[in-house]
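Undergrad: Build me a model from this:
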Amino acid sequence: MKVIETEYEGFRFRSRQEARWAVFFDLMHVPWEYEKEGYELPSGRYLPDFWLPTLNCFFEVKGDSPSKLDISKAIDLSRLSSKLVVVASGQTKTEALKFSSIHIEWPVEGFQIQLFAGNSNSIWKCRAFDFDIWNWTLDIDLPSFIQKQFPNVNLDGLDLEERRALLIRHDRIYYKSKHNKEHPRYINGRYEKRVYFIEDEELGLRFSPEPDREPSKVSKAFGKARRARFEFGESGA
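TA: The predicted structure follows:
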């Protein structure tokens, strides 16, 4: 079945779904560049749909779900560019579910955002990679382990990035000396199967492993983007 090309803001998008994401980014005041540049990757040629400069990431829009080749290309691009690659699939729609007195915003079934992160040395330093599980590895798990293996390592007086860089360096040294190879997480980076957009008061739109705890500006933007009309000269409003 052929998808419908759609015009919005002077661009001809390959699908209505891509255009709706452009509407969403505009509503959230996130600058976007459409099909900025193509790349030759081990898995084949790749032309990412969006580059989002303020989030420092590529953003790829797929239909109901990405294929294995789509995933391979996202991994290759992330590893080679040391940039975040985000793959969104399904309709841009969320719903608010109420549990006791708490409202939690969840994507509807079939709507998914996946995240692929390349070079790990860059991952730890980028705000867009600020995930609870990743922070736990560096801030809770690794410090005690590294200090046990390397008693002379002193973490006192270091700022967060210096501390993380020191931990990563010794983690790599330890793993390579024990297994005679690079630690997989410093080759493949990180992957999150389900992430969410949230609205941060200081940082603006960002990624999170947990959804907003109540209906938000993000949810409203998804709704407006989903209802955007493009037929008969309409502008997507």
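Undergrad: which element is Ala22 on?
TA: Per DSSP states H and E, Ala22 falls inside helix 16-27.
Undergrad: Tell me the buried residues in that helix?
TA: Gln17, Glu18, Ala19, Arg20, Trp21, Ala22, Val23, Phe24, Phe25, Asp26, Leu27 (16 or more other C-beta atoms under 10 Å). Where C-beta positions appear, they are placed from N, C-alpha and C, glycine not excepted.
Undergrad: was I right about the first one contacting Phe50?
TA: Read that as Gln17. No: in this structure, Gln17 is not within contact of Phe50 by C-beta atoms under 8 Å, at 12.0 Å.
Undergrad: quick one: pLDDT of Arg169?
TA: With respect to pLDDT, Arg169 scores 89.
Undergrad: which neighbours do Gln17 and Phe50 share?
TA: Common neighbours of Gln17 and Phe50 are listed as Val61 (criterion: C-beta atoms under 8 Å, 6 or more residues apart in numbering).
Undergrad: so which of the buried residues of helix 16-27 would you say is closest to Val85?
TA: Closest approach to Val85 among the buried residues of helix 16-27 (C-beta to C-beta): Trp21, at 14.7 Å.
Undergrad: Against Glu35, how distant is that closest one?
TA: For Trp21, the distance to Glu35 equals 13 Å [C-beta to C-beta, to the nearest Å].
Undergrad: so what's in contact with those two at the same time?
TA: Common neighbours of Trp21 and Glu35 (C-beta under 8 Å, 6+ apart) are Asp49.
Undergrad: Can you report phi and psi for Pro66?
TA: phi -70, psi 150 (degrees, to the nearest 10).
Undergrad: Near it, how many other residues are there?
TA: Residues near Pro66, counting by other C-beta atoms under 10 Å, number 19.
Undergrad: ok, now how distant is it from Phe111?
TA: 13 Å.
Undergrad: and for those two, which residues touch both?
TA: Ser89.
Undergrad: need the helix or strand of the protein with the lowest average pLDDT.
TA: helix 120-123 (a mean of 54; mean pLDDT, DSSP states H and E).
Undergrad: buried sites along the helix ranked longest in the chain?
TA: What stands out as the longest helix in the chain, according to DSSP state H, is helix 160-179. Residues Arg163, Arg164, Leu166, Leu167, Ile168, His170, Asp171, Arg172, Tyr175 are the ones in helix 160-179 that count as buried (16+ other C-beta under 10 Å).
Undergrad: Tell me where the model's unsure across the protein.
TA: Applying pLDDT under 70 to the chain flags the ranges 1-2, 93-109, 118-133, 188-189, 232-237.
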